[in-house]
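A.B. asks: Predicted coordinates and the sequence they were generated for:
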Amino acid sequence: MPSLLTRDIAITPAQHQGKRTQARAQVESYCQPLVDAGKVQWRVNGDGVTELRMHSGEVYLFGEHGITRIS
């Protein structure tokens, strides 16, 4: 699996945003097979934040700066 981390030091904010967007899309693509298999569900909460909800009760928020497990 390719690394989601970058070693670039001198990049513009636009380049940083592009890398972050690319990394998020990559992580979401790894989660999608779980959704397709019926093991988890995508949901957009009342604040407009994407959640990944597992049937075991775990919930992950896909925020602007990363993914956070909230339960």
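C.D. replies: That came in fine, so what should we check first?
A.B. asks: Check which residues of the helix or strand that residue 25 is a member of are buried.
C.D. replies: Secondary structure from DSSP states H and E places residue 25 in helix 13-36. Neighbour-count burial for helix 13-36 flags 23-24, 31 (criterion: 16 or more other Cβ atoms under 10 Å). Placement of C-beta: from N, CA and C, glycine included.
A.B. asks: Summarise which helices and strands the helix or strand of the chain with the lowest mean pLDDT is packed against.
C.D. replies: Ranking every helix and strand in the chain by mean pLDDT, DSSP states H and E puts helix 13-36 at the bottom, with a mean of 81. Contacts defined by 3 or more Cβ pairs under 8 Å, 6 or more residues apart in numbering; DSSP states H and E place helix 13-36 against strand 40-44, strand 59-62.
A.B. asks: how about the first helix or strand past the longest one going along the chain: buried residues?
C.D. replies: It stands for strand 40-44. The first helix or strand that comes after strand 40-44 along the chain, using DSSP H and E, is strand 50-54. Within strand 50-54, the residues scored as buried using 16+ other Cβ under 10 Å are 51-53.
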